Structures are given as structure tokens and as C-alpha cells.
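K.L.:
Sequence first, then the predicted structure, then my questions.
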Amino acid sequence: MSAKSQVIGQLKGTSGLMRPRFAPGQLLRDDDLTQGVNYTRELSRLLFKTLLGCGVMCGLIVKWKYQCDKLNILIADGVALDCHGDPIQVPAPQTVTIDFHCTGQEVPPFLYILLRGCGKCCAPRDAVCGSGDGDGTSQCTREVDGFEIRVVGERPKCVCGCPEPNDDESHLLRTHCRCADPSPDWCYGAHYQGLCGCNCANCSDCDCEWILLARLEYNENSEQPAWKVDHRVRRFIRPVLMSDPQVELEHPKQENQANAEEAGGAAHAATHAAAHPAEPAVAAKAALRGGGGPRRHPPAAPVSRRT
């Protein structure tokens, strides 16, 4: 039976990626060169937002301090990834100063620190020759990536971040594994389910251009006004580094065997304690040692006799 006869259904289509192709003698236009740049950018966008989503990749720790009765919010340097898959680099620490007394605003119970990317055109150059009257037009030849930081008193509906923290902190780390909570209702649920796109809250795909860095909670009961920084609202994304599987194949019995012996000794000690309730202290000591029962003295060395 041929391969074609086994096909039950078939459908072909195109993706959103397009790359230019060049040939000898071809007249190049500006859109041909631009398409070459756009292809690499759209490719990296697709990979980044599919593999990681959006959020903080490194740094961008938020702190605060009062100076001259003004609240200074300090944002450390770092890198984030927006919902489009574009990196946002903050190359140096930044400070946002807020003076509630000067503006006459009441101090809100919470402050939210937001970050988004932006661009700036520079290096203008004449695109066409003028008519001699100085009316030649200029075009931007370079675009510099930038960032914008905002401090708001209410959390936006469309923002890349995790839900508001509550008393239930089951999503926090409880073991040595640093993987995030895979629950469907948590901010990493869509990632573990293999869903594409950001879909932040009730927003459509990639509408949440802002990235939530931290939440500041105001403590009005203290003698001196104080703020508490809470980073649980930010979505932290980073590739997990795993152990080398080749090393585990080359050394399969060293660490694994030691862990298995320790776990087996503890289990045997618990079984012995259940079967002999009169010896709980002995069994507990054996479990701490990792042994399988009461300690026995080693046999005495044989005594050599002269014949």
C-alpha cells in the first residue's frame, strides 16, 4: 500500500512568519531589507512568548525609602519580557519620587509598580532629495528600545502578573523543588497546560502591555509611615536548569543508592517501632542513624593463638 493511499485527510496552511529571498540582479527595496529584520524579530518573539510567556526574567527588585518627606521607590536593573515576546531592559537602577504632601493626594493603601517597553526613533536622515527650497523630508534610521515605569494606586485590569496574595500560601515553595504552582487557577496554570498566548485576566491576547513588578502596602499604624514590599504579585519567569542526564547514566549508584539506603532504613525503623511498641526510644534512635533496628555491637575480632 503506498503512502498516499494511507492519507485519510489533509490540510495545508501558512504561518505568520515570512522571510525574504534574494536573487542575482534583483532590485532591492527598503521593504526587502526591513523584512529580513522583521523575520528574525518575529521568530524570537514567537519563541520567547511561547516558551516563557510574560513576566520578570531577572532583577527588577523594588525597594523604598523616605528622603525629605518624599517616598522614593527604587527599582533595580533587570530584564523583563512583555506579552509580545519583546525583552524590556532596564540597564541601571531607577528611582521614582512621590510627594503626597505636595500633590495633596491621600496616601492609598496600595501602590503598584508597573513596567512596559517603548521605543524612540533617532538618527534622522534625508530620504529623498529636496527641491532646493529646503523642503526635503527626513526619515528615522534607528530605533532605540526603552522602558516606562509607572506607579498607580489601583491594580489595572490588564496587567501581566500573579493574583493578589491572600492567607493561603500553598503556591509558595514547600520543598527543594523551585517549580511554580501548576494549578489551573494560578498565574502559571496556562503555561503548564500548554496554552498559547498571554490572555492576562479577561483581556484578549497581548493586550496587557504592562508588567507588574511589585505591590507596596501602606502601614498607617506605625509611628513613622512605612511601606511593605510584596513581590508575590509579579510573574517570575526563568528557564529551569536541570541536572545532566549523561552524568546520571555514568554515575547511577552513588547518590541514588545512598538516598535509597537512608530512606529504606527509616522505613524499616518505623515498621519495627509499630511491631514493638515497647521499644520506641531504640527505634527512634535507629531512624535517626538511618539504620534498620537497634544498634548491635560489632563482633569481637578473633583472637589468634599460637600453636
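P.N.:
Thanks, I have the structure now.
K.L.:
What residues does residue 123 make contact with?
P.N.:
With contacts defined as CB atoms under 8 Å, 6 or more residues apart in numbering, residue 123 is in contact with 140-142. C-beta: built from backbone N, CA, C; applies to glycine.
K.L.:
Check the gap between it and residue 32 for me.
P.N.:
Distance from residue 123 to residue 32, counting by CB to CB, to the nearest Å: 21 Å.
K.L.:
Quick check, pLDDT for residue 189.
P.N.:
According to the prediction, residue 189 has pLDDT 82.
K.L.:
Does it touch residue 162 like I think?
P.N.:
No. Applying CB atoms under 8 Å, one finds residue 189 not in contact with residue 162, separated by 10.7 Å.
K.L.:
So if I had to pick from these two, which one is more boxed in?
P.N.:
Regarding residue 189 and residue 162, a neighbour count based on other CB atoms under 10 Å identifies residue 162 as having more, with 19 against 14.
K.L.:
shouldn't that one be in contact with residue 183?
P.N.:
No. Between residue 162 and residue 183 there is no contact under CB under 8 Å: 11.5 Å.
K.L.:
SS state for residue 241?
P.N.:
Classification of residue 241 using DSSP: H, G, I helix; E, B strand; the rest coil returns coil.
K.L.:
what number of residues lie near it?
P.N.:
Around residue 241 there are 6 residues (other CB under 10 Å).
K.L.:
cool, and residue 239?
P.N.:
Applying other CB under 10 Å, we find 8 residues neighbouring residue 239.
K.L.:
How about the contacts made by it?
P.N.:
51-52.
K.L.:
same thing with residue 189?
P.N.:
Going by CB under 8 Å, 6+ apart, residue 189 touches 182-183.
K.L.:
how close does it sit to residue 231?
P.N.:
From residue 189 across to residue 231, the span is 20 Å (CB to CB).
K.L.:
just residue 212 next, same as before
P.N.:
10 Å.
K.L.:
the more surrounded of the two?
P.N.:
Neighbours were counted for residue 212 and for residue 231 using other CB under 10 Å; residue 212 has more, 25 against 17.
K.L.:
doesn't that one fall inside a helix?
P.N.:
No. Counting by three-state DSSP, residue 212 is not found in a helix; it is strand.
K.L.:
Report the beta-bridge partner residues of it.
P.N.:
Beta bridges link residue 212 to residue 114 when assigned by DSSP bridges.
K.L.:
same question, the one 5 residues further on
P.N.:
For residue 217, the residues forming beta bridges with it (DSSP bridges) are residue 110, residue 228.
K.L.:
Equivalent analysis for residue 62, please.
P.N.:
Here residue 62 sits in beta bridges with residue 75, as judged by DSSP bridges.
K.L.:
Could you check how far it is from residue 86?
P.N.:
Using CB to CB, residue 62 is found at 22 Å from residue 86.
K.L.:
Could you check how many residues crowd around residue 152?
P.N.:
Using other CB under 10 Å, residue 152 is surrounded by 14 other residues.
K.L.:
Give the closest residue to it in space, chain neighbours not counted.
P.N.:
Closest residue in space to residue 152, ignoring its immediate chain neighbours: residue 112 at 5.2 Å, by CB to CB, 6 or more residues apart in numbering.
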